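Participant: This is the structure alone, sequence omitted:
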């Protein structure tokens, strides 16, 4: 069964689109490092929250991706635009449609 | 852009697998009513929480699916095994891998 990660982050006012663009910029490279699904969404109930739903072939592959130079660069670029309020949930994907 | 829904529910102890099976039982029928993605996951940090990440062609299609007889039957079947603790977040999907 696959490893899943459901997380949210809050951006400083006016910066959500910038952070979304950073998150989406590296998305094509994720497949080759073990990511099956990476859904970037924005909250419909405020204008600062971003949600990310991810499915990876393993927890280890997800962890390894965070150590890649391009991931670190993206995090460094986004961090000044974030408030520091995050939520995260690690899950095991058990099935569904499209996974 | 697609409509997304990220929700969680808690089951009474010992009933998580039963509720997962109910959620997965109708999953193939979802595609024809406008669902693109329906990921059922279980929390890695407790043994009672289920997470569902959904992507629909529209908010209206998601709402309509809840009124289908098979959906109502599944909800009725699952409800006695749930504690009533839910979280939900409506989002707009802006991109990613696999969507």
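Facilitator: Cool, got the structure. Every value quoted in this text rests on a predicted model; they were computed, and no experiment measured them. Numbers count the residues shown, from 1 in each chain, chains lettered A, B, ... in the order given.

Participant: burial count for residue A:5?
Facilitator: 20 (other CB atoms under 10 Å in any protein chain shown). Placement of C-beta: from N, CA and C, glycine included.

Participant: Nearest residue to it in space, please, no chain neighbours.
Facilitator: In this structure, residue A:5 finds its nearest non-sequential neighbour in residue A:54, 4.4 Å apart by CB to CB, 6 or more residues apart in numbering or on different chains.

Participant: cool, residue A:49 as well?
Facilitator: residue A:43 (3.8 Å).

Participant: Could you do residue A:57 as well?
Facilitator: residue A:34 (4.3 Å).

Participant: you'd agree that neighbour is up against residue A:55?
Facilitator: No. Using CB atoms under 8 Å, residue A:34 and residue A:55 do not qualify as a contacting pair, with a distance of 9.9 Å.

Participant: Report the secondary structure state of residue A:37.
Facilitator: strand (DSSP: H, G, I helix; E, B strand; the rest coil).

Participant: Specify the beta-bridge partners of it.
Facilitator: Applying DSSP bridges to residue A:37 gives these bridge partners: residue A:55.

Participant: so it touches residue B:97, yeah?
Facilitator: Yes. Contact criterion CB under 8 Å: residue A:37 and residue B:97 qualify, at 6.4 Å.

Participant: So for the two, which sits in the more crowded spot?
Facilitator: residue A:37 (23 against 19).

Participant: now that one: how far from residue A:84?
Facilitator: According to CB to CB, to the nearest Å, residue A:37 and residue A:84 sit 26 Å apart.
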